[in-house]
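**Q** Starting from these lines, generate the structure:
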Amino acid sequence: MSELPPIPNYLCEAVDDFAASIEYLVEPIERACQIVTQTLLNDGKVLVCGNGYASPIAGLLTTCLMHQQEFERPSLPAINLSADSSTISAIAKDGNYHNVFAKQIRAMGNPGDCLIVLSIDGNCGNIVQAAQTAHEKNIHVIAINGFENGKISDLKLEDDIEIALKANSTARATEAMLITSNALCNQIETELFGVT
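**A** As a prediction, the model looks like this:
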């Protein structure tokens with residue numbers, strides 16, 4: 001049992017858990033950055049979606065790409081498919097919740113684009129369907145999952161990237177997902193604009 005009070009103990013455990021994962025996360029984050037930067041250099045766009053706890057992180061990731069993270073620079077074309085509640089609720093209302101992202105990808109995605117999906121467990125039908133639809137349209141898929149071995153892992157093609165955070169709880173998964181998304185954005189900005 002820790003001798004620290006609850007809040008410092010929680011913060012220390014969160015930092016320690018993520019620090020333990022750094023070694024195996026660097027390579028897939030670097031590969032994901034290469035896919036995103038190549039997509040952008042080839043005039044493609046980045047589509048992002050996340051559900052549940054991952055949805056606000058999808059919004060933050062898109063904002064960092066569209067606006068900026070650390071310094072002023074040109075905007076990057078990124079679309080948050082999780083943001084349009086009217087569209088999502090209309091699709092879901094018709095009994096098609098698994099297609100809330102896939103239908104948007106069919107409408108807006110083009111070959112050569114990139115899709116980043118964020119999911120705590122990698123099992124949600126709408127995330128799985130999003131990845132399948134992206135593959136149908138020759139769109140690269142980057143999956144950032146809080147846990148390992150979700151259904152999304154089984155869909156991975158050779159050129160796809162899966163960043164499995166190996167978290168042991170939903171809280172740890174969201175914390176790790178946020179840091180990973182920030183690291184990805186930082187590396188993209190560095191690669192494209194040469195500022196660190």
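
**Q** Name whatever forms a beta bridge with the spatially most central residue of the chain.
**A** In the chain, the C-alpha closest to the average C-alpha coordinate belongs to Leu118, at a distance of 4.0 Å (Cα atoms, centre = their mean). For Leu118, the beta-bridge partners under DSSP bridges are Gly50, Ile144.

**Q** Now do the contacts for it.
**A** With contacts defined as Cβ atoms under 8 Å, 6 or more residues apart in numbering, the neighbours of Leu118 are 48-50, 54-55, 57-58, 61, 143-145, 177, 181. (C-beta placed from N, C-alpha, C; glycine too.)

**Q** what would those look like in CSV with pLDDT?
**A** Below are the contacts of Leu118 laid out as CSV (pLDDT from 0 to 100):
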residue, pLDDT
Val48, 98
Cys49, 97
Gly50, 95
Ala54, 95
Ser55, 95
Ile57, 96
Ala58, 97
Leu61, 96
Ala143, 96
Ile144, 96
Asn145, 94
Met177, 95
Ser181, 96
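
**Q** Quick one: buried ones out of those residues?
**A** Taking 16 or more other Cβ atoms under 10 Å as the criterion, what is buried in the contacts of Leu118 is 48-50, 54-55, 57-58, 61, 143-145, 177, 181.

**Q** Same list, those residues, but as CSV with distance to Ile127 please.
**A** Putting the buried ones among the contacts of Leu118 into CSV (distance: Cβ to Cβ, whole Å) gives the following:
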residue, distance to Ile127
Val48, 12
Cys49, 7
Gly50, 8
Ala54, 8
Ser55, 11
Ile57, 13
Ala58, 11
Leu61, 15
Ala143, 8
Ile144, 10
Asn145, 9
Met177, 13
Ser181, 15
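
**Q** I'd like to know which of the residues you listed is nearest to Phe18.
**A** Minimum distance to Phe18 across the buried ones among the contacts of Leu118 is 10.3 Å, recorded for Met177 (Cβ to Cβ).

**Q** Go ahead and measure how far whatever helix or strand the closest one lives in is from the middle of the chain.
**A** Using DSSP states H and E, Met177 maps to helix 170-193. Centroid separation for helix 170-193 versus its chain: 9 Å, with Cα atoms, centre = their mean, to the nearest Å.

**Q** returning to what we had before: what's the closest of the contacts of Leu118 to Gln104?
**A** Using Cβ to Cβ, the contacts of Leu118 come closest to Gln104 at Cys49, 7.9 Å.

**Q** I'd say the closest one and Asp84 touch.
**A** No. Applying Cβ atoms under 8 Å, one finds Cys49 not in contact with Asp84, separated by 10.7 Å.

**Q** hey, what's in contact with both of the two?
**A** Shared contacts of Cys49 and Asp84, counting by Cβ under 8 Å, 6+ apart, come down to Gln104.

**Q** Excluding sequence neighbours, find me the nearest residue to Ile179.
**A** Excluding the flanking residues, the one nearest Ile179 by Cβ to Cβ, 6 or more residues apart in numbering is Phe18, at 6.0 Å.

**Q** Quick check, pLDDT for that neighbour.
**A** Residue-level confidence at Phe18 comes out at 91, pLDDT.
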